[in-house]
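1. Quick one, structure for this:
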Amino acid sequence: MIRKTRIQDADRASEIIEDARAYFASVNNPQWQDGRPNRETILQDIEKGIGYVLEENGSVIGTAALIKGPDPDYAYIEGQWLNDEPYYVIHRIAVDSRCKGRSRAAEFLEYTAALAKSAGMRNIRIDTHEVNSSMRRFLAKNGFTECGTVYIRGSEPRIAFQKIL
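-> The predicted structure follows:
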């Protein structure tokens, strides 16, 4: 089940982010190694109403920010988006490492697709670090098209993806 993140979820969501950060470091992926996202980011997402968690048997096992575009970081792309229509964005997606290989992260994609469709949109955008090969494979497997490079404020360049629903 996916639902909005609550204040009492912040610590658990932070643990999941830290777990992902440690994994990235272990495979020499510089993504998230600057300390962001962090608990403060999660609290900001809660305040903005864009934080979501994935639950299994009453326990939080995943976290993500699901945002109705436009996203200012996606205004400029080296490459080309599939279209210029309205879209939803997925940021800061992470799932408990004990759930890897069980397609749990795909539930966030499906949920975002439902949010987009209910808002009359037919597009989802997402980005990842160029060396995050597992995320790139995951996105390709789930119907996303690599569109180019975007520059996220305060971060290294990211590979941008889009899916038309």
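2. Helices along this protein, start to end?
-> 10-26, 39-48, 105-118, 133-141 (DSSP state H).
3. TSV please, covering these and showing mean neighbour count.
-> Using the backbone N, CA and C atoms, a C-beta is placed for each residue, glycine as well. Below are these laid out as TSV (neighbours: other C-beta atoms under 10 Å):
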stretch	mean neighbour count
helix 10-26	17
helix 39-48	16
helix 105-118	17
helix 133-141	15
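4. show me the contacts for residue 102.
-> Residue 102 makes contact with no residue, according to C-beta atoms under 8 Å, 6 or more residues apart in numbering.
5. cutoff 10 Å now
-> 56, 61, 95, 96 (C-beta atoms under 10 Å, 6 or more residues apart in numbering).
6. Report the buried members of these.
-> 61, 95, 96 (16 or more other C-beta atoms under 10 Å).
7. For the residue lying closest to the last one once chain neighbours are set aside, give its distance to residue 142.
-> The shortest distance from residue 96 to any residue that is not its chain neighbour, by C-beta to C-beta, 6 or more residues apart in numbering, is 4.4 Å, and that residue is residue 61. From residue 61 over to residue 142 the distance is 18 Å, taken as C-beta to C-beta, to the nearest Å.
8. can you check residue 64 too?
-> To residue 142, residue 64 is 14 Å away according to C-beta to C-beta.
9. Who has more neighbours out of the two?
-> Legend: neighbour count by other C-beta atoms under 10 Å for residue 64 and residue 142, higher for residue 64 (28 against 17).
10. The nearest residue to that one once chain neighbours are set aside and residue 146, how far apart?
-> Using C-beta to C-beta, 6+ apart and skipping the chain neighbours, the partner closest in space to residue 64 is residue 93 (4.1 Å). Distance of residue 93 to residue 146, computed by C-beta to C-beta: 17 Å.
11. Neighbour count: those two, which is higher?
-> residue 93 (23 against 14).
12. Tell me who's in contact with the residue in the chain sticking out farthest from the centre.
-> Most distant residue from the mean C-alpha position of the chain: residue 57, 22.4 Å away (C-alpha atoms, centre = their mean). Counting by C-beta under 10 Å, 6+ apart, residue 57 touches residue 1.
13. hmm, 6 Å instead?
-> By C-beta atoms under 6 Å, 6 or more residues apart in numbering, the contact set of residue 57 is empty.
14. Fine, thanks again, bye for now.
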